[in-house]
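> Sequence and predicted structure, then a few things I'm wondering about:
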Amino acid sequence: MTHRARRNDREGFLGTPVDVPDRDAVPGRGELLEFLGLTVAAGAFVLFVLRPEFPEGLAHALAARAAVFAG
């Protein structure tokens, strides 16, 4: 049986770490940002479910602030 060596695309690669497939430029940063984003989204969902008056108050505050800037 003939053994064929697999070609390693990363050997001799002269590009930046961003150009290497399946490799993050900053290891672990993507997972942290994803976790923070999911935490904010879950917190907003819980806030809107537990406090249904919050969206109305937010819309009123934004409208009042826009009226101050417009007039």
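Looks like it came in fine. Numbering: from 1, shown residues only.
> packing partners for the host helix or strand of L33?
Assessed by DSSP states H and E, L33 sits inside helix 29-50. If you count contacts as 3 or more CB pairs under 8 Å, 6 or more residues apart in numbering; DSSP states H and E, helix 29-50 packs onto helix 53-70. To be clear about C-beta, it is placed using only N, CA and C from the backbone, and glycine gets the same treatment.
> Show me what the mean pLDDT comes to for the helix it packs on.
Averaging pLDDT along helix 53-70 gives 89.
> Could I have the CA atoms of the helix holding L33 written out in CSV?
C-alpha atoms of helix 29-50 as CSV (Å, rounded to 0.1, in the frame of the first residue of the first chain):
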residue,chain,number,x,y,z
ARG,A,29,-12.3,37.0,20.9
GLY,A,30,-15.1,35.8,18.6
GLU,A,31,-16.5,33.6,21.3
LEU,A,32,-16.4,36.4,23.8
LEU,A,33,-18.2,38.8,21.5
GLU,A,34,-20.8,36.2,20.7
PHE,A,35,-21.4,35.5,24.3
LEU,A,36,-21.7,39.3,25.1
GLY,A,37,-24.1,39.7,22.2
LEU,A,38,-26.3,36.8,23.3
THR,A,39,-26.3,38.1,26.9
VAL,A,40,-27.5,41.5,25.8
ALA,A,41,-30.2,40.0,23.5
ALA,A,42,-31.4,37.7,26.3
GLY,A,43,-31.5,40.6,28.8
ALA,A,44,-33.5,42.8,26.4
PHE,A,45,-35.9,39.9,25.8
VAL,A,46,-36.4,39.4,29.5
LEU,A,47,-36.8,43.1,30.0
PHE,A,48,-39.5,43.4,27.4
VAL,A,49,-41.4,40.3,28.7
LEU,A,50,-41.2,41.3,32.4
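> could you check the angle helix 53-70 makes with that helix?
Here helix 29-50 points in a direction 100 degrees away from that of helix 53-70 (axes from the mean of the first three to the mean of the last three CA atoms, to 10 degrees).
> Which positions in helix 29-50 come out as buried?
Using 16 or more other CB atoms under 10 Å as the test for burial, helix 29-50 gives no buried residues.
> what stretches of this structure score poorly on pLDDT?
For the chain, the stretches flagged by pLDDT under 70 are 1-28.
> let's see 50
Under the criterion pLDDT under 50, no range of the chain is flagged.
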